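Engineer: Pasting the sequence and the predicted coordinates here, then a few questions.
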Amino acid sequence: MSKKTTTAIEKKKVGWLDSIAEKSGYDKKIVERFLKKYNIKQAPNTGTPKRVNFLDVSFSGQKKGEYTNDFKFEFANLKAGVWGILSDKNGKGKTTALEVIKWLFKGKASADLQSGVKSWINEAALKYSVDDKKYLLSMKQGDNSVTGQIELLKGETKNSIVSEFNSEDEMAEVISDFWLNELGLNQIASFRQSSSEVEAGKEVVHGWPALAAALFIGTDYGALFGDTALSGLPTRILNMFLGLPWISTHAALKALDGQLKSEAQVETVFEDRDKENRRQRLGEIQSELKLKREDLASKPAPQFNSDGYNDLQKQYNANYASEKTAYIELVDEEEKAELVNKEWILDKKKLNGFLEDKAANAVFKRLNPTCCPHCESKITTEQLEKEKNEHTCAICDKKMIDTDDSDAILSELEESVRASAAMCDLMKNSVRAKKLRHGNLTQSIADFKAAMDEYEQNLQSVRVAQTELDSLKHEVTRLEILEEEYKTTRTVEPTKPAVIEDITEKSAAEVIDENKILQTAIKITHARFKDLQEELLQDVNDRILDFCKKVGLSQYQSVALTSNPHLKIDKDGSPTSYSNVSKGEQLRLKVIVTIALIAVAEERGLGRHPGFMVIDSPAAQEVNPDDLNNLINGLEDLCKVLPSLQIIIASVASPTLLAHIDDKQRLHAQGDDFLW
């Protein structure tokens, strides 16, 4: 490590926690509690570069579908330098081979590795070196299983197993932990803004796959480092690979700052919306209240006198009782009239019978029969004598009407008929009178009932009107209460982060301004690597400009890599930037910027980049043959300057690539051949 670097690192002698406590004005214990609450960890160590080279890559299995043959891919005996995985045509397995290498190195397969092709693989292995140590990652895949291990290779002695995995998720965890520990890297926290103004953003932790993406340069050059420019990830990757201290700590603090600010912004949005909603609601309440008051003023109070109803009720009850009595009297009178009528009918029968007997007696007396007209028995002298003396029939022995008494009997019977007839007329008149009285009472009851029903209907209408009036009064009261509530401005307490002091330490709980601690921590943490960062970036910029000439970018007069990171360029006397140059230039810049980081790390003994990269399809971009020749030639020269640098290029074969990459350092599927 250079003296200049050592001076920058050791410039600050006061402890990090002590500095934050001093600058924020809070006790050190409060600062510690704040950092613990949000899981902010100190990462003061600088990075010491370790150099990684792939040594062997292999995978095998059986194809399914149109082709069902067994296959095996093997790229062996690799070391530092420029290597190639080439094919004369597309679709010959180059992309799959590259994606399998990424899978074994990152621990997690990307979406670019087709799931069907991935399922063909039964075994895969990646042998690599980290400085002077060699490791072997081996993996086996079944229908629903993934198993494997990482071994430390010890030459003649027995290898030792570093870690094992028994699922695809475990594989990702094992490989991630291995590389983070081996290269001295930390997971990087960043803040991702939400696309909705009413939803807070969130902290995102980028692990090994995000860091490893910076080692694979594909065909999307949107980000200078890695494969995404979101969430400030390129900045954090740059600082991490520069070997700067405190980078993961600073990233965690910045992510927390973004999270808390986002929550505050969302809260402000909700407060503003709440105020506007309350204002609109107040207007609605006042408009509704005005209408209800006008409606209430237009409605008179319902009036109803129940005295008339009570009088009707009394008369109804009295007539009801009288009707029951009249009905009983009518029934009784009708029964009596029926008896009198029966007596009259009986008297008439007696009179008619007497008159018939009298007429028959006169006829029989004139006949003087000598025998029975039925049986022809002779009437005896004694029977005739008895008839004469006792006035009984000589034939049937029945009493005969005496001629002398018949007039008196007839007169008596006629008088009886007249008397019973007179009694019948009297009873009929009595029944008629009682029916009339009963009918009048029945009609009176019906009339009183109708009058009472009308009163009841009127009373019900009054009750409904009173209920409506009471409901209207209640609604007016409710709206008046709401109006007062919405006129009062509601104060929403901000959800400001706060730490409460332990009441055992202070007499009263104290609310801590966490934002003050946070902003102080961000400034102090940034200050601890800022000077070193500027030194390293200046060195990197010098290397970039020097490397530009080697890869055909001689038209660049100056290049400045900022900490953002942005690449400011002076091209042909005019300012431009990385995002505004051609794709071919972006490819070369992305490559040489990374190599510049590695070169500075080699010189200073400071950095975390593992010193190798994989470049996918460089000939696919707008790079003319001369510039491609310059790029590859420049990479060869850089590998001589940096003996440990390893670059693997996967591309469709071109004369330039074939001329610069020795046939011993390339796999080449010629013509219609497949790489595997």
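Structural biologist: Sure thing, it's come through.
Engineer: ok, now how distant is Ala669 from Ile632?
Structural biologist: Here the criterion is C-beta to C-beta, to the nearest Å. By it, Ala669 lies 19 Å from Ile632. Bear in mind the C-beta positions are built from the backbone N, C-alpha and C, glycine included.
Engineer: and this protein, what are its domains?
Structural biologist: 3-269+510-669, 307-471 (automatic domain parsing).
Engineer: any idea which of these is most buried?
Structural biologist: domain 3-269+510-669 (a mean of 18; mean count of other C-beta atoms under 10 Å).
Engineer: For the stretch 301-450 of the chain, just list every one of the helices.
Structural biologist: 307-367, 381-390, 406-487 (DSSP state H, counting those that start in this stretch).
Engineer: who are the neighbours in contact with Val431?
Structural biologist: Leu330, Glu333, Glu334, Ala337 (C-beta atoms under 8 Å, 6 or more residues apart in numbering).
Engineer: Could you tell me the angle between the one helix or strand Glu267 maps to and helix 406-487?
Structural biologist: Following DSSP states H and E, one finds Glu267 within helix 247-297. Using axes from the mean of the first three to the mean of the last three C-alpha atoms, to 10 degrees, the inter-axis angle of helix 247-297 relative to helix 406-487 is 140 degrees.
Engineer: change the start of the numbering to 532 and stick with it
Structural biologist: Got it, the first residue is 532 from now on, which makes the last one we talked about helix 778-828.
Engineer: Tell me the gap between helix 778-828 and the middle of its chain.
Structural biologist: The chain centroid and the centroid of helix 778-828 are separated by 22 Å, computed with C-alpha atoms, centre = their mean, to the nearest Å.
Engineer: Repeat that for stretch 1068-1082.
Structural biologist: Mean-position distance between stretch 1068-1082 and its chain equals 52 Å (C-alpha atoms, centre = their mean).
Engineer: Show me what stretch 559-572 is in contact with.
Structural biologist: By C-beta under 8 Å, 6+ apart, stretch 559-572 touches 548-549, 551-552, 555, 779-780, 783-784, 787, 1030, 1032, 1043, 1045, 1048-1049, 1052.
Engineer: swap the cut-off to 7 Å and go again
Structural biologist: With contact meaning C-beta atoms under 7 Å, 6 or more residues apart in numbering, stretch 559-572 is reached by 548-549, 551-552, 555, 780, 783-784, 787, 1030, 1043, 1045, 1048.
Engineer: What's the mean pLDDT across it?
Structural biologist: Mean per-residue pLDDT for stretch 559-572: 93.
Engineer: for stretch 586-593, same thing?
Structural biologist: Mean pLDDT, stretch 586-593: 96.
Engineer: swap in stretch 650-662?
Structural biologist: For stretch 650-662, the per-residue pLDDT averages 96.
Engineer: what's the spacing between Ser694 and Glu987?
Structural biologist: For Ser694 relative to Glu987 (C-beta to C-beta), the value is 92 Å.
Engineer: Apologies, that question was intended for Ser793.
Structural biologist: 68 Å.
Engineer: ditto for Leu1137
Structural biologist: 102 Å.
Engineer: what's the answer for Leu1169, then?
Structural biologist: 108 Å.
Engineer: quick one, helices of the stretch 582-731 of the chain?
Structural biologist: Here the stretch 582-731 of the chain has its helices, by DSSP H, counting those that start in this stretch, at 625-637, 646-651, 699-714.
Engineer: can you tell me which of those comes nearest to Glu682?
Structural biologist: helix 699-714 (11.3 Å; C-beta to C-beta).
Engineer: Which strands and helices lie in contact with the closest one?
Structural biologist: Under the contact criterion of 3 or more C-beta pairs under 7 Å, 6 or more residues apart in numbering; DSSP states H and E, helix 699-714 touches strand 677-684, strand 691-696, helix 739-743.
Engineer: okay, and for the stretch 982-1131 of the chain, where does confidence drop off?
Structural biologist: Scanning the stretch 982-1131 of the chain with the threshold set as pLDDT under 70 gives 1020-1041.
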